[in-house]
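Novice: Dropping the sequence and predicted coords here.
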Amino acid sequence: MMSERLILPSRARFTRRRLLLGLGLGAAAAPLSACSLDSRSPEVMSILDKAEELNKAVQRALLAPRTALAPEYPQSAISSYFKPNGSVDPDEPAYVAQRQSGFADWKLEVAGLVERPMKLTLADLRAMPSRSQITRHDCVEGWSCIGQWKGAPLSALLDAAGLKPQARYIAFFCADTLEQTLDNTGRYYETIDLIDAYHPQTILAYEMNFAPLPVEHGAPLRLRLERQLGYKMAKYVMRIEAIDGFAAIARGRGGFWEDRGYEWYAGI
Amino acid sequence: MTSVSSALPTNAAPTGRLIFRHSAVVRVCHWINAICFVVLLMSGMQIFNADPALTWGQKTNFDTPFFSLTARQNDNGDPTAGVTTIFGHSFETTGLLGASGDENGDLEERGFPSWATLPAEQDLAMGRRWHFFFAWILVLNGLVYVVYLIGGRHIRDLWPSLADLKALPRSIADHARLRFPEGEEALHYNVLQKLAYLSVVIAFPILILAGLTMSPAIDSAFPWLLTLFGGRQAARALHFLLATYLVLFVIVHLVMVVLSGPLNNMRSMITGRYRIKEQR
């Protein structure tokens, strides 16, 4: 739904409403007065970006201790219909082949700035200590669904691989291409920082609602990041990399939707 | 820096004296708030358009929202009519709600029309950025106002007395006849003004808290907010309903400004000076 609704930025038109709005804003907010009347110009964007920094700083400050848990719900609260979003059936040949074999020889690659790069099968992940949680999934569009998730805590995986000191973020590279592009920047990916990576509710889920994770929700493995919005929770995770920055990945903003204008910090 | 109740006459012109009605803090806060409100309303409608339906509780009830803006479609999937549904009752609202013209004038499925949203095109990411930026300004401006309201005793101008409440029926009757207070009576707010302004001062913090309750990070830090509002979707619904209340307030507010002397009112909110019509 999101991919259908999101219209990529076209050149904004100069309209009377924009003019009036621009004049109003200019008169009110001194920093804005130097801006053009294009509500999406880089100057406007860089000012509006300040709100994201403020949101992140204040929410992180309020959230100390960093382990504050997202609310968990009773089993009776589980949504009868959990809306799948973004990719629901990736058609990349490699993924289709994996799916058809029941992910029998699928392996999660753990690489990047780690001491011990690993390749883990689903059986390996299932053999690790697990966490089960019934949480609310909030989509950036506005709706919420409640579901049960079970998986391996990301912290345990990262400890097993051993993060190098330079590692500052964890990147998740996915099997699905959500937008066809010439430069392959339409492949889904996400990045999170180490505060979220080591949060106890941050898990790599292979189970949803007490059954194997369905394809529409990201089989065989998806990220759960319960204190942020749904688009941070990458589905069809194939490779995890510890990185020191994400400027060199795709369009450099740290995620598929981030590259398309959404905030990197999606706690609000 | 005086407020309404302690206003002093500054000029004895034959057409009525000029009094100092609004302090600089109130005037500056008023206009910053007005601009924030317009941007937040328009970007809020942009955000709402990404999921133009409301339900109560924690999670979304996709089948039976109590309010929704949808479009009827033909066999090709093209929208043919906009439909507003409230508690199961559907009304055709083509051109305004549910479906309205795109830049080429073709009917497009969208909750609120493009002239009402910021940006005009469907763009949730940009709508969110405008919304959060101006939400910060609104909150900081609101904090200045609240400190002034309580610390500067401006609250006394808004808090209705028992005598005020007893005068409520007469005030309603006067307003209905478009008879507005003159002379001494115009030196302070009448009871309807007090109640209206006080309701806005109360509605804003609730609306902001309901907005914050939509944040999964805030819910982790303050789970009691979910209890207070009855769930994230309930908070979303309340955020929308309180915004609707504020829109109604602004409409009535603007109508009253025009009916009770628009130039005098505008001057009082820009320079602070308000002309009192003497009673005959």
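Specialist: Yep, that arrived.
Novice: C-alpha only now, for contacts and for neighbours.
Specialist: OK.
Novice: near chain A, which residues of the stretch 1-150 of chain B?
Specialist: Residues of the stretch 1-150 of chain B that fall close to chain A, judged by CA under 8 Å from any CA of the partner chain: B:31-32, B:35, B:47-48, B:50-51, B:58-60, B:115, B:119, B:121-126, B:129-130, B:132-133, B:136.
Novice: redo that, cut-off 7 Å
Specialist: Listed as neighbours of chain A in the stretch 1-150 of chain B under the rule CA under 7 Å from any CA of the partner chain: B:32, B:50-51, B:59-60, B:119, B:122-126, B:129-130, B:132-133.
Novice: Contact partners for the most centrally placed residue in chain A?
Specialist: Closest to where the C-alpha atoms of chain A average out (CA atoms, centre = their mean) is A:Lys232, at 1.5 Å. Counting by CA atoms under 7 Å, 6 or more residues apart in numbering or on different chains, A:Lys232 touches A:Glu190.
Novice: out of the residues of the stretch 1-150 of chain B next to chain A, who's nearest B:Trp159?
Specialist: B:Ile32 (23.1 Å; CA to CA).
Novice: The chain - how does it break down into domains?
Specialist: Chain wasn't specified; assuming chain A. Annotated domains of chain A cover A:9-62, A:75-260 [automatic domain parsing].
Novice: oops, chain B please
Specialist: According to automatic domain parsing, the ranges for chain B are B:4-51+B:114-276, B:53-111.
Novice: that older thread, of the residues of the stretch 1-150 of chain B next to chain A, just the buried ones, ChimeraX syntax please.
Specialist: Only the buried members of those enter the following ChimeraX selection, criterion being 16 or more other CA atoms under 10 Å in any protein chain shown:
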select /B:32,50,51,59,60,119,122,123,124,125,126,129,130,132,133
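Novice: quick one, phi psi at residue 108?
Specialist: By default, I'm working from chain A. The phi and psi values for A:Leu108, taken as degrees, to the nearest 10, are phi -90, psi 130.
Novice: wrong one, chain B
Specialist: For B:Glu108, the backbone dihedrals (degrees, to the nearest 10) come out as phi -130, psi 140.
Novice: Give me the neighbour count for it.
Specialist: 23 (other CA atoms under 10 Å in any protein chain shown).
Novice: for the one 5 residues further on, same thing?
Specialist: Around B:Pro113 there are 24 other residues, counting by other CA under 10 Å.
Novice: you'd agree it is up against B:Leu96?
Specialist: Yes: if you go by CA atoms under 7 Å, B:Pro113 and B:Leu96 touch, sitting 5.8 Å apart.
Novice: What separation is there between the nearest residue to B:Pro216 once chain neighbours are set aside and A:Glu92?
Specialist: The spatial neighbour of B:Pro216 that comes closest, neighbours along the chain excluded (CA to CA, 6 or more residues apart in numbering or on different chains), is A:Arg227 at 5.0 Å. For A:Arg227, the distance to A:Glu92 equals 30 Å [CA to CA, to the nearest Å].
Novice: And the helices in the stretch 101-250 of chain B, which stretches?
Specialist: Per DSSP state H, counting those that start in this stretch, the stretch 101-250 of chain B carries helices over the ranges B:124-151, B:155-158, B:162-166, B:168-176, B:191-213, B:216-221, B:224-229, B:232-259.
Novice: Show me which positions of the shortest one end up buried.
Specialist: By neighbour count with 16+ other CA under 10 Å, helix B:155-158 contains the buried residues B:Asp157, B:Leu158.
Novice: average pLDDT across that helix?
Specialist: Here helix B:155-158 scores 88 as its mean pLDDT.
Novice: Make JSON lines out of the domains of chain B and add distance to A:Gly86.
Specialist: Below are the domains of chain B laid out as JSON lines (distance: least, CA to CA, whole Å):
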{"stretch": "domain B:4-51+B:114-276", "distance to A:Gly86": "14"}
{"stretch": "domain B:53-111", "distance to A:Gly86": "17"}
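Novice: can you map out the strands along the stretch 101-250 of chain A?
Specialist: Along the stretch 101-250 of chain A, counting by DSSP state E, counting those that start in this stretch, strands occupy A:108-112, A:118-120, A:131-138, A:144-153, A:169-177, A:187-193, A:203-208, A:211-212, A:222-224, A:237-243.
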